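Q: Sequence and computational prediction follow.
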Amino acid sequence: MYRYDEFDRTFVTQRVEQFREQVARRVSGELSEDEFKPLRLTNGLYLQLHAYMLRVAIPYGTLSSRQLRRLAFIARRYDRGYGHFTTRQNIQFNWPTLGEVPDILAELAEVEMHAIQTSGNCIRNTTADATAGVAADEIADSRIYCELIRQWSTLHPEFSFLPRKFKVAVTGSGRDRAVTAAHDIGLRLKRDADGRTGFEVLVGGGQGRTPILAVTIREFLPAEHLLSYLEAVLRVYNQLGRRDNIYKARIKILVRETGTAEFARLVEDEWAHIRDGDLALPEGEIARIRDYFAPPPHEALDDACPELDAQRAANRAFDAWVRSNVEAHKRPGYAVATVSLKPHGGIPGDASADQMEAVADLADAFGFSEIRVTYKQNLLLPDLRKRDLFAVWRGLTEAGLATANSHRLSDIIACPGLDYCNLANARSIPIAQMISTRFADLEREQEIGNVTVNISGCINACAHHHVANIGILGVDKKGKEFYQVTLGGAADETAAIGDIVGPAFDEDAIVGAVETVVDVYLAERRDAAEPFIDTYRRIGIKPFKEKLYAAR
Amino acid sequence: MPLVRNGAAVQDPWTAVTTADQLDRSGPLLVTLDLWRTHRDRLAGRTGPLGLLLASDQSPALVADDLDRFDLIALEFPKFTDGRAYSHARLLRERFGFTGEVRAVGHVLRDQIAFMLRCGFNALDLDERAATGWDTATTAFSAWYQPATDGQAPIPARRRHAAQARAAAAVIRSAPVRPEPARQPDPVGSAVCAATWAY
Amino acid sequence: MPHTAITANRLLDGFVIYLTAVGGWSESLADAAIAATEAELDALQAAAERDARAGRVIGPYAFDVQPGADGPVPLGQRETLRTLGPSVRTDLGYQATRR
């Protein structure tokens, strides 16, 4: 993974000192809250319902065990002993005090971490597919390009006061595991006919009030032009994005109002001026970054692993976990394991300091000391020998991290909701807890198969409910919490926005509604091999509507 | 409001005018885009320095052909969160080659100083408090990651230079002692001095 | 007009606080000043804004309350949660420390 050099270390250290000084000016009253707010946001510090919240960047979701241990330390020393992993591969601490935040940032800087630009109207953490570097089907490691984007976008003098936040995602394979269609810029790695590496460039995806899928403005952008092209997109957006209405300020609105072809033309016009300038990426520079992501020293192993087979045959719980949580690795004899942060009835995405350290220990013992954070608010051990999976599973079980529900119904993405967030209209976590408890039977979950359930506590859609197979949106109706269901969304390369199924359900009815949806799926599916989303696409919304609102 | 130009606090010699009846004033005159468009011939024929004030939704591209008539382009930040003028300043310098004064006016606060200077502003009409923080604001970071208008070598270029210097030093250390060769031009050193940097 | 009170967040730790009748801020809603008329609300809001401008509190706003024997009770879900803490972690927030 990327390692800081003297320039990176100096930079984050200077950033900490700058923020320390800005906090001092705020506390002394020299800076008003209005003046301070953008400064604290670009250091990841929000004010939430009960306290401040600090969002720490985990660039493209990659962590070393040392870094994960530092996060555990920060949780204990400066917070309430836990952290929350997010859909953008970051971590949030919910109880920091203003005065201690510079100290927290200093702790982070020591382990090559920061909270730069995790909030504010600037370019945010560039996310990647969590299996970058190990996925069997990848074209190239998306993290190489995420790191190049990270550096280019850090404290960019021209793009630090954009109309609104800006999110970029890069996927390294034809399978989109980075939700590129829902990002302001989505980059899909590909090779052209001559074998050159490049990107399909999509712009204008986003959720919130107006969910829109990104559109392609360039079919193939050679890798050496990555940064100059992004600069052109940002320059067009910075100048033309709406500044009169925060609900219309994202690039998705600009693309829609301008029209895709015209928007692409504006970008290409700007790009023509700068494509061969200072931002051109020589192959040497790409190679230099690529070297940081060289694979660890894998052994030459057979893919067949009789020990693993025997262990699975002897232990049903372990076998279930392998079936749901373990994925193929590009190297024979290796595997990728999801560390579930979704215990049935638990808070999705939360991990205690003890749990973080347990994962760090397992990564050290079995996984080349590397951990990933996934879009689904889980962790991942990307580099395990198949024959070590049983030991890993036992370690995870001890730490309460071995729920065999990866990609299953109870692998719910939930935003913090009204329990934590100022913007929310309804609580989301308790709904997630009730649903995951109702479906806590592993065999039943296996039977239902893969289905995505996302719960957002407000229209900002931080849990991405629009692109969930079963999306739930919390709304406030006359002071009471209600839950609106959407069906048929998808976050992968077949991306789709879900359809609203009908009137919202209250807190007592929502779990039953999800049950009904599942029952319809099970009744209508062709066979167990047809996943929920395929059945939905085949039969449409009507059978679900009918059953859900039959009594009404 | 203290005006800082090229790092020094100066008196502002410019008069900003907003109505046609003020156009007869002598001395450096800063006019709005509207006034320029409406009274172009009259202003073009005028002696004395002329400046143009652009609102944040007015791109310098609108006056690209007339830029040589202006000694000053003032770009407005109506709120410091309106960042359009950063792009406008860069376009003025890098696209249109404007070499006059590019001034930030409006809501110009201390924590935006470094960004403004990097984007090609060389004059800032500062908030009172901002002026006292000038040194801290301009020295907070010793290097930046991306190329900008100011021509500072971005970090990736500095890395390459540092790597080349290390490689050169290694060569020198490993070479046997011999008489000093004739002075050669230093490609690495002169590259350091180049105004623009390859990434 | 429903009865209203003013809440904000404290600058240094971001904790929830309420404007009191004597013009200070308290962590406890029971201490909050209650406005029964528009004029009273205006006065409370002016005091809150002054404190916000002076930098001591952040983002004051008025919310509806029901006066009660044991003190005012918020009418909204958000403000109820603000007196307690996260409903999913009853070991955190005021609900834990006020026991």
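A: Now that the structure is in, tell me what you want to look at. Residues are numbered from 1 along each chain as shown, chains lettered A, B, ... in the order given.
Q: Let's test this: name the helix or strand in chain B with the lowest mean pLDDT.
A: helix B:187-192 (a mean of 39; mean pLDDT, DSSP states H and E).
Q: for the record, mean pLDDT for the lengthiest helix in chain C?
A: Longest helix in chain C, counting residues (DSSP state H): helix C:38-53. Per-residue pLDDT over helix C:38-53 has a mean of 95.
Q: residues near residue B:85, how many?
A: Applying other CB atoms under 10 Å in any protein chain shown, we find 32 other residues in the vicinity of residue B:85. Yep, even glycine has a C-beta here, placed from its N, CA and C like the rest.
Q: list the contacts for it?
A: B:54, B:56, B:75, B:76, B:77, B:104 (CB atoms under 8 Å, 6 or more residues apart in numbering or on different chains).
Q: change it to 10 Å
A: A:158, A:161, A:238-239, B:54-56, B:58-60, B:74-78, B:92, B:102, B:104-106, B:108, B:116, B:119, B:121 (CB atoms under 10 Å, 6 or more residues apart in numbering or on different chains).
Q: Can you classify it by secondary structure?
A: helix (DSSP: H, G, I helix; E, B strand; the rest coil).
Q: Quick check: closest non-adjacent residue to it.
A: residue B:75 (3.9 Å; CB to CB, 6 or more residues apart in numbering or on different chains).
Q: Tell me who's in contact with that neighbour.
A: B:52-56, B:58, B:60, B:84-89, B:92, B:102-106, B:116, B:119-121.
Q: what does residue A:190 give?
A: Contact partners of residue A:190, counting by CB under 10 Å, 6+ apart, are A:139-140, A:171-174, A:196-200, A:219-221.
Q: Quick one: mean pLDDT over the helix or strand in which residue A:511 is found.
A: Assessed by DSSP states H and E, residue A:511 sits inside helix A:510-524. Averaged across helix A:510-524, the pLDDT comes to 98.
Q: which of the contacts of residue B:75 count as buried?
A: B:52-54, B:56, B:58, B:60, B:84-89, B:92, B:102-106, B:116, B:119-121 (16 or more other CB atoms under 10 Å in any protein chain shown).
Q: quick one, phi psi at the residue nearest to residue B:70 when sequence neighbours are not counted?
A: Closest residue in space to residue B:70, ignoring its immediate chain neighbours: residue B:52 at 5.0 Å, by CB to CB, 6+ apart. Phi and psi for residue B:52, reported as degrees, to the nearest 10, are phi -120, psi 130.
Q: close enough to count as contact, residue A:60 and residue A:124?
A: No - the criterion here is CB atoms under 10 Å, and residue A:60 misses it with residue A:124 at 12.0 Å.
Q: quick one, which of the two is more surrounded?
A: residue A:60 (31 against 23).
Q: end to end, how far does stretch A:371-388 reach?
A: Separation of the first and last residues of stretch A:371-388 by CA to CA, to the nearest Å is 16 Å.
Q: repeat for stretch A:198-215
A: Stretch A:198-215: ends 17 Å apart by CA to CA.
Q: Report the buried residues of the helix holding residue A:511.
A: A:510, A:511, A:513, A:514, A:516, A:517, A:518, A:520, A:521.
Q: The fourth one and residue B:53, how far apart?
A: Taking CB to CB, to the nearest Å as the measure, residue A:514 and residue B:53 are separated by 59 Å.
Q: can I assume the residue nearest to residue B:85 sits in a helix?
A: No - Residue B:75 sits outside any helix when classified using three-state DSSP, being strand.
Q: what about it, distance to residue B:103?
A: Taking CB to CB as the measure, residue B:75 falls 7 Å from residue B:103.
Q: residues shared between the contacts of these two?
A: With CB under 10 Å, 6+ apart, residue B:75 and residue B:103 have common neighbours B:53, B:89, B:116, B:121.
Q: check whether the host helix or strand of the third one contacts chain A.
A: Mapping residue B:116 onto the secondary structure by DSSP H and E places it in helix B:113-118. Yes - contact of helix B:113-118 with chain A is found when judged by CB under 10 Å from any CB of the partner chain, involving B:114, B:115, B:116, B:117, B:118.
Q: Quick one: name whatever helix or strand follows that helix.
A: Scanning forward in sequence from helix B:113-118 by DSSP H and E, the next helix or strand is strand B:123-125.
Q: So is the helix or strand just after that next one next to chain A?
A: Later in the chain than strand B:123-125, the nearest helix or strand by DSSP H and E is helix B:128-132. Yes - legend: contact between helix B:128-132 and chain A by CB under 10 Å from any CB is shown at B:129, B:132.
Q: Just the buried positions in helix B:128-132, please.
A: Under 16+ other CB under 10 Å, the buried positions of helix B:128-132 are B:130, B:131.
Q: roughly how far out does the helix or strand just after it sit from the chain middle?
A: For helix B:128-132, the following helix or strand on the C-terminal side (DSSP H and E) is helix B:134-139. On the basis of CA atoms, centre = their mean, to the nearest Å, helix B:134-139 sits 16 Å off its chain's mean C-alpha point.
Q: Packing partners of helix B:134-139?
A: helix A:6-27, helix B:113-118 (3 or more CB pairs under 10 Å, 6 or more residues apart in numbering or on different chains; DSSP states H and E).
Q: Look at residue B:46 and give its secondary structure.
A: Per three-state DSSP, residue B:46 ends up coil.
Q: Would you agree it is in contact with residue B:35?
A: No - with contact defined as CB under 10 Å, residue B:46 does not reach residue B:35; the gap is 11.9 Å.
Q: Comparing these two, which shows the higher neighbour count?
A: residue B:35 (21 against 16).
Q: so what's the more buried one up against?
A: B:17, B:18, B:19, B:20, B:22, B:23, B:29, B:42, B:43, B:52, B:53.
Q: element containing it, please.
A: Applying DSSP H and E as the criterion places residue B:35 in helix B:33-38.
Q: Return the residues of the stretch 201-350 of chain A in contact with chain C.
A: The stretch 201-350 of chain A comes close to chain C at residues A:346, A:347, A:350, as judged by CB under 10 Å from any CB.
Q: which stretches of chain B have low pLDDT?
A: The model of chain B has pLDDT under 70 over residues B:174-199.
Q: Run a quick neighbour tally on whatever residue of it ends up closest to chain A.
A: Closest to chain A within chain B is residue B:83: 2.7 Å, counting by CB to the nearest CB. By other CB under 10 Å, 27 other residues sit near residue B:83.
Q: Skipping adjacent residues, who's closest to it in space?
A: Closest to residue B:83 by CB to CB, 6+ apart is residue A:161, at 2.7 Å.
Q: What's the separation between that neighbour and residue A:6?
A: With distances taken as CB to CB, residue A:161 is found 29 Å from residue A:6.
Q: out of these two, which sits in the more crowded spot?
A: Taking neighbours as other CB under 10 Å, residue A:161 and residue A:6 compare with residue A:161 leading, 24 against 12.
Q: Would you mind confirming that the more buried one is in contact with residue A:122?
A: Yes - using CB under 10 Å, residue A:161 is in contact with residue A:122, at 7.6 Å.
Q: got any residues that touch both of these two?
A: With CB under 10 Å, 6+ apart, residue A:161 and residue A:122 have common neighbours A:38, A:42, B:83.
Q: Please give me every residue in contact with residue A:12.
A: A:4, A:105, A:106, A:108, A:109, A:110, A:112, A:113, A:114, A:115, A:116, A:154.
Q: can I see the domain layout of chain B?
A: Chain B breaks down into these domains under automatic domain parsing: B:3-139, B:141-175+B:183-199.
Q: deepest of those domains, which one?
A: Mean neighbour count, computed with mean count of other CB atoms under 10 Å in any protein chain shown, is highest for domain B:3-139 among the domains of chain B, reaching a mean of 18.
Q: Contact residues of the stretch 401-550 of chain A facing chain B?
A: Residues of the stretch 401-550 of chain A lying near chain B (CB under 10 Å from any CB): none found.
Q: Residue of the stretch 401-550 of chain A nearest chain B, please.
A: For the stretch 401-550 of chain A, CB to the nearest CB, closest residue to chain B: residue A:423, 18.7 Å.
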